[in-house]
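Enquirer: Just the structure for this:
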Amino acid sequence: MSLIRLRNIQVSFGGPAILENISLSIDAGERLCLLGRNGTGKSTLLKVISGEVKADNGDLEFKQNLKIAVLDQEPRGDLQGTIFDIVAMGLGKNAKFLQDYHHALHNFTESHNDKTIAELERAQDQVDIHGAWQLNQQVEEVLSRMQLDGDADYAPLSGGMKRRVLLAKALVIKPDILLLDEPTNHLDLNAIQWLEEQLLSYKGALMFITHDRSFMRKLSTRIIELDRGLLTSYPGDYDTYLRRKAEALHAEEVENAHFDKKLAQEEVWIRQGIKARRTRNEGRVRALEKMRVERTQRRNQVGKVAMNVAAADRSGKVVAEAEGIGFEYDGKPLISGLSTTILRGDKIGIIGPNGVGKTTLLRLLLGDLMPTTGEIKNGTKLEIAYFDQFRAQLDDSASVIDNLSQGREFVEINGSRKHVIGYLQDFLFAPERARSPVSMLSGGERNRLLLAKLFSKPSNILVLDEPTNDLDIETLELLEELVMEYAGTVLLVSHDREFVNNVVTSTLVFEGQARVNEYVGGYDDWLKQATRRRSQDKKMAPKIQQKNAKVAVSDEPVKQKKLSYKNQRELDGLPAQIETFEQEVASLQSMMADNTFYMQEKEVIKKIQEQLQVAEEGLSHCYTRWEELEQ
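Expert: Below is the predicted model:
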């Protein structure tokens, strides 16, 4: 059953229509993902549905007593009070009675006196009069489900926790449809996974905007796309959308080429000599005029960003070598006992919750900070391009051109000179937009400008701290390709799981208690290896406890037995063997996880499965032998 129907909706803000004759139906239980380039009107469409923006033309039909809730793109800065106060705001006019009752109850709990008793009685009477006890229960239920402390203050919370509170505020009315605008922006991996679980368990309809491909794949049941003012629906998952979108664009290109060829032929005909004009067909002339109008009204697809990185001379073979480094801030350890070597050409991902110290680790590896303990040696000939998540390198008061050029008319990329205006057009800045102050730019435009600025300078180390926020999918995929093809070293901090999977060769992961562990591969590889490591630790724990128990009950000191030369050589060589087996297991598991793996010949599948079994057995044998020799 349809909850909402939109028919021929049109919205314009003075220029070309942002939404042009949009028609859409949203059914109960659907999870719709709204895609489109930055600035195409996605947020406007959500605001039309929520009633915040009134359409110029068209009809909106809503199911009777439909309840709509909205989770905004950015947490509002003017919200004050406790978490209970903020969540209760979702109930509208009844929020005040519940807030007063909650505060009165809190004051009564803190201090029993005549004043607090009278205050609590007045608040209870107001809730009784307005029949709001059931609503109070709804607030308490959603606070419990979201694991939120209603008495805690909202203002000092982290961005992720604020997003959790605002989701609770949206869900407290038990809406029939929930609208979310970029819900994963600036959230860390734990918060994104928590949000996914909450939304998967949500029973109502869902319509959301996101550029997080993993999030989209997990949640969406239908993808709708805004492109040049028009809305197209693609039932199915993201991969189905990609295939059907490519087919549609190809068909459009063929049709446009045919139209343009016919138009050119008609233009030649109309310009023929006097004889032709005497006998020309007036119907054909009118058809030509109609074709001219149609051609001028055609809205071509928005161009793609053209990214190229200016390459510097190669750095030394070793970029950074860390030996047992640790770092403390205000007496709190952020990093402890990290040893790693980064070589030229490595692509390293850094994963961890917000505030854990990922940017600090970047600065340590680049030599901007000195470790509290341990030592870091940096390599030679390092030319660094640094994308910082706060875009501090951009001057808001200066224009786009001035931020990039710094007085130059031309930029030089790998020996090729290009005018600043032309270079900015490669990053989708029209000439008039290039003259605008940076303060007027959207988040996505700021990110594109910072990338343009960084890539215009020669570098052999690319440092990207949260580069994917606010970028649309097309730009994100192009950046992904560029990073993969980059000849230098890459250090990447990102919460975009698919971006990390596709780009990095190894990961440094913050795993609690200031521990940073290194893993081969990307995000999914880390999950597999971490799970295997925990399983192995669990198996070895009883043996270690048993060994410790034997040592504890023994009265006489145990004389340590010295290993033979042969056994010592074997023990020294085991770490390298273990690493080799782990890499082989990870590689084979990655191969088998591919969607096309089981489409191969049976003999090929069987052979790879046997290789995996041998590698896992070899790894298990190495761990067992290591334990025996160490004992």
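Enquirer: Quickly note the distance from the residue nearest the centre of the chain to Val483.
Expert: When CA atoms, centre = their mean is applied to the chain, the residue found nearest the centroid is Asp496 (3.8 Å). Here Asp496 is placed at a distance of 12 Å from Val483 (CB to CB, to the nearest Å). Glycine gets a C-beta too; all of them are placed from N, C-alpha and C.
Enquirer: ok, now Met440?
Expert: As judged by CB to CB, Met440 and Val483 stand 28 Å apart.
Enquirer: can you map out the strands along the stretch 201-350 of the chain?
Expert: Taking DSSP state E, counting those that start in this stretch as the test, the strands found in the stretch 201-350 of the chain are 205-209, 222-227, 230-235, 318-329, 332-343, 347-351.
Enquirer: Just give me how far the third one sits from the chain centre.
Expert: Relative to its chain's centre, strand 230-235 lies at 23 Å (CA atoms, centre = their mean, to the nearest Å).
Enquirer: now it against strand 222-227, angle please.
Expert: Orientation check (axes from the mean of the first three to the mean of the last three CA atoms, to 10 degrees): strand 230-235 against strand 222-227 gives 160 degrees.
Enquirer: Please identify the pairing partners of strand 230-235 and their relative orientation?
Expert: strand 222-227 (antiparallel) (DSSP bridges).
Enquirer: Comparing Met440 and Val483, which residue is more hemmed in?
Expert: Comparing Met440 with Val483 by other CB atoms under 10 Å, the one with more neighbours is Val483, at 20 against 11.
Enquirer: Would you mind giving the secondary structure of that one?
Expert: Under the three-state scheme (DSSP: H, G, I helix; E, B strand; the rest coil), Val483 adopts helix.
Enquirer: so what's the closest residue to it other than its chain neighbours scoring on pLDDT?
Expert: Leaving out its chain neighbours, the residue that sits closest to Val483 by CB to CB, 6 or more residues apart in numbering is Val503, at 5.0 Å. pLDDT recorded at Val503 is 93.
Enquirer: how far away is the residue nearest to Glu30 when sequence neighbours are not counted from Val520?
Expert: Nearest residue to Glu30 in three dimensions, chain neighbours excluded: Ala205, at 5.0 Å (CB to CB, 6+ apart). According to CB to CB, Ala205 stands 41 Å off from Val520.
Enquirer: between those two, who's got more neighbours?
Expert: Ala205 (23 against 17).
Enquirer: Verify the contact between that one and Leu3 for me.
Expert: Yes - Ala205 lies in contact with Leu3 (CB atoms under 8 Å); the separation is 5.7 Å.
Enquirer: what residues are shared contacts of these two?
Expert: With contacts defined as CB atoms under 8 Å, 6 or more residues apart in numbering, the residues shared by Ala205 and Leu3 are 26-28, 176-177.
Enquirer: got the residues you listed as TSV, with pLDDT, secondary structure and neighbour count columns?
Expert: As requested, these are exported to TSV (pLDDT from 0 to 100; DSSP: H, G, I helix; E, B strand; the rest coil; neighbours: other CB atoms under 10 Å):
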residue	pLDDT	secondary structure	neighbour count
Ile26	94	strand	20
Asp27	93	strand	13
Ala28	92	coil	13
Asp176	93	coil	19
Ile177	95	strand	23
